[in-house]
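*Asks:* A structural model of the following input is requested.
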Amino acid sequence: MTALVFIHGTGVREPDFSKLAGRVAAGVTALRDGLRIVPYYWAGAHGATLAAGGVSLPAHPTGTVRGLAETPAASDADDDTAAWAALYADPYAELALAALGTAPVVERPPGSVPPQQRLQARLAALAAQGDTPAAELGPGLARAATDLAAHPLLGPAADALDPEDLAVLAARSLTARIVADVLDGDVPLVPVGDTRDAVADRLAEALGAPPRGTERGLRSLLLRTAGSAASRAVVRRRRALTEAAHPAAGDILRYLSRGEAARADLRTLVAGLAPPVVLVGHSLGGIIALDTLIAAPLPQVRLLVTAGSQGPFLYESGSLPTLEHPAPLPAHVPAWLNLYDPRDLLSYVGAGLFPGRVTDIAVDSRQPFPAAHSAYWTNPEVYRHIVDRLP
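*Replies:* This next block holds a predicted model:
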């Protein structure tokens with residue numbers, strides 16, 4: 001009787017592990033009778049935990065820290081951070097929101113000047129100065145100003161806002177575009193918020209807004225529209241979020257630094273099984289299985305199956321605990337079936353690294369990332385490929 005050992009990935013805990021193992025068992029036994037399914041729940045003994053109850057988590061900045069009570073200014077800072085985060089993701093987000101408030105288009109009187117034309121002229125003048133007016137942020141102002149002047153949302157936004165408010169909005173858009181480009185660079189040096197805000201104020205004045213000391217009357221459209229409760233809630237709920245998310249990241253870090261115990265328990269489990277044995281590992285489970293097989297021969301194991309695993313990437317990057325590139329895969333490692341989803345950004349291929357030793361097969365869940373990383377065990381293709389190669 002073939003024994004199939006299922007090894008789960010990062011972040012999985014009971015009771016979810018038992019449900020997952022049951023789903024895998026149902027998937028393979030539906031295609032082949034007489035299999036013995038052996039779950040390996042390594043997280044029970046070797047998974048990451050917040051051992052001291054989370055005392056490493058800093059207190060919320062608006063909470064009572066060393067006698068400092070929560071202040072409205074601190075909440076405003078959360079609001080401001082939330083708005084800039086949205087603008088870094090899409091520097092034209094406020095343009096789009098402003099355009100939503102545009103009145104129906106009517107024919108303009110002959111000879112009238114479109115509202116955006118004055119701003120376009122100022123953007124052109126700003127672009128002519130090169131990147132100097134925003135040098136503290138990094139390069140890109142001239143390009144950002146040129147692009148903004150030609151952006152199709154500028155006209156509708158100009159119809160919805162007065163010129164001074166439009167200048168403030170445009171300045172934030174330019175500032176966000178420059179910072180976003182810095183974040184995408186090879187060596188990002190991101191300015192602190194005070195520097196960013198000073199540049200945004202300077203650009204706003206160059207585009208026609210009154211000096212910062214004057215009440216401008218335009219609060220961030222992003223905040224007016226969506227509010228910032230979510231941003232503050234995320235920070236205030238950091239403990240809950242960390243406790244929910246840390247097992248995945250923590251499991252990887254713990255395994256890479258102290259993984260021998262998890263491998264030793266897997267060797268002990270396999271040693272008690274009659275051959276033939278198949279190891280099926282998902283994500284980090286595949287790395288544990290691969291490392292265990294590399295470290296010492298396990299003659300009972302006739303097939304290794306990995307799904308959505310990072311083993312090849314860790315090997316190529318010099319991070320696989322038991323084998324360093326360019327050392328070859330030891331001869332005692334059995335046949336290796338590596339299933340990956342092209343949309344799963346956490347799956348990698350191994351045939352190019354271990355020619356003749358790894359069979360890479362794409363399985364398409366038609367899910368976007370990160371959902372694709374968790375969709376292997378509901379994909380019938382996965383089970384067909386596994387069962388086709390079982391000893």
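*Asks:* could you measure Tyr92 against Asp341, distance?
*Replies:* Taking Cβ to Cβ, to the nearest Å as the measure, Tyr92 falls 32 Å from Asp341. Bear in mind the C-beta positions are built from the backbone N, C-alpha and C, glycine included.
*Asks:* the more surrounded of those two?
*Replies:* Per other Cβ atoms under 10 Å, whichever of Tyr92 and Asp341 has more neighbours is Asp341, with 25 against 20.
*Asks:* hang on, isn't the more buried one packed against Ser347?
*Replies:* Yes: counting by Cβ atoms under 8 Å, Asp341 touches Ser347, with 5.6 Å between them.
*Asks:* residues shared between the contacts of these two?
*Replies:* Counting by Cβ atoms under 8 Å, 6 or more residues apart in numbering, the contacts common to Asp341 and Ser347 are Gly308, His373.
*Asks:* mind checking the backbone torsions on the spatially closest residue to Ala170 that is not a sequence neighbour?
*Replies:* Using Cβ to Cβ, 6 or more residues apart in numbering and skipping the chain neighbours, the partner closest in space to Ala170 is Leu207 (5.4 Å). Backbone torsions of Leu207, given as degrees, to the nearest 10, read phi -100, psi 0.
*Asks:* list the contacts for Leu207?
*Replies:* Contacts of Leu207 by Cβ under 8 Å, 6+ apart are Leu119, Arg122, Leu123, Leu126, Ala167, Ala170, Ala171.
*Asks:* hang on, the second one packs against Glu205?
*Replies:* The one in question is Arg122. No: look at Arg122 against Glu205 with Cβ under 8 Å: they stay out of range, at 10.4 Å.
*Asks:* which residues do these two both contact?
*Replies:* With Cβ under 8 Å, 6+ apart as the test, Arg122 and Glu205 both reach Ala167.
*Asks:* between the two, which one's more packed in?
*Replies:* Neighbour count, other Cβ under 10 Å: between Arg122 and Glu205, Arg122 has more, with 19 against 15.
*Asks:* now the closest residue to the more buried one other than its chain neighbours: how far from Asp344?
*Replies:* Distance criterion Cβ to Cβ, 6+ apart; nearest residue to Arg122, sequence neighbours excluded, is Leu207 at 4.9 Å. From Leu207 over to Asp344 the distance is 44 Å, taken as Cβ to Cβ.
*Asks:* surely Leu161 meets Ala170?
*Replies:* No: Leu161 is not in contact with Ala170 according to Cβ under 8 Å; the separation is 9.7 Å.
*Asks:* Neighbour count: the two, which is higher?
*Replies:* Ala170 (32 against 23).
*Asks:* I believe the more buried one is in a strand; please confirm or correct that.
*Replies:* No: using DSSP: H, G, I helix; E, B strand; the rest coil, the assignment for Ala170 is helix, not a strand.
*Asks:* residues touching it, list them.
*Replies:* Taking Cβ under 8 Å, 6+ apart as the test, what Ala170 contacts is Leu119, Leu123, Leu148, Leu154, Leu203, Ala204, Leu207.
*Asks:* let's go with 7 Å and repeat that
*Replies:* Leu119, Leu148, Leu207 (Cβ atoms under 7 Å, 6 or more residues apart in numbering).
*Asks:* for those, which one is nearest Ala331?
*Replies:* Leu148 (61.1 Å; Cβ to Cβ).
*Asks:* can you pull the contacts of the closest one?
*Replies:* Applying Cβ under 7 Å, 6+ apart, the residues near Leu148 are Leu123, Leu154, Ala170, Ser173, Leu174.
*Asks:* so which pair among the residues you listed is furthest apart in space?
*Replies:* Counting by Cβ to Cβ, the most remote pair of these is Leu154 and Leu174, 12.0 Å apart.
*Asks:* what pLDDT does the nearest residue to Leu100 once chain neighbours are set aside get?
*Replies:* Distance criterion Cβ to Cβ, 6+ apart; nearest residue to Leu100, sequence neighbours excluded, is Ala160 at 7.9 Å. Among the per-residue scores, Ala160 holds a pLDDT of 83.
*Asks:* is it true that Ala160 touches Leu95?
*Replies:* No: counting by Cβ atoms under 7 Å, Ala160 does not reach Leu95; the two are 9.8 Å apart.
*Asks:* who's more crowded, the two?
*Replies:* Leu95 (26 against 20).
*Asks:* ok, that one touching Leu153?
*Replies:* Yes: with contact defined as Cβ under 7 Å, Leu95 counts as touching Leu153 (4.0 Å).
*Asks:* so how far is the first residue of stretch 85-93 from its last?
*Replies:* 11 Å (Cα to Cα, to the nearest Å).
*Asks:* Go through it and flag the buried ones.
*Replies:* Ala86, Leu87, Tyr88, Pro91, Tyr92, Ala93 (16 or more other Cβ atoms under 10 Å).
*Asks:* Could I get the pLDDT score of the fourth one?
*Replies:* Read it as Pro91. Pro91 is assigned a pLDDT of 92 by the prediction.
*Asks:* Where do the strands of the protein begin and end?
*Replies:* All strands of the chain, identified by DSSP state E, fall at 3-7, 36-40, 277-282, 301-307, 335-340, 358-362.
*Asks:* List the buried residues for stretch 191-208?
*Replies:* 191, 196-204, 206-208.
*Asks:* wait, I meant stretch 330-341
*Replies:* Those would be Val333, Pro334, Trp336, Leu337, Asn338, Leu339, Tyr340, Asp341, for stretch 330-341 by 16+ other Cβ under 10 Å.
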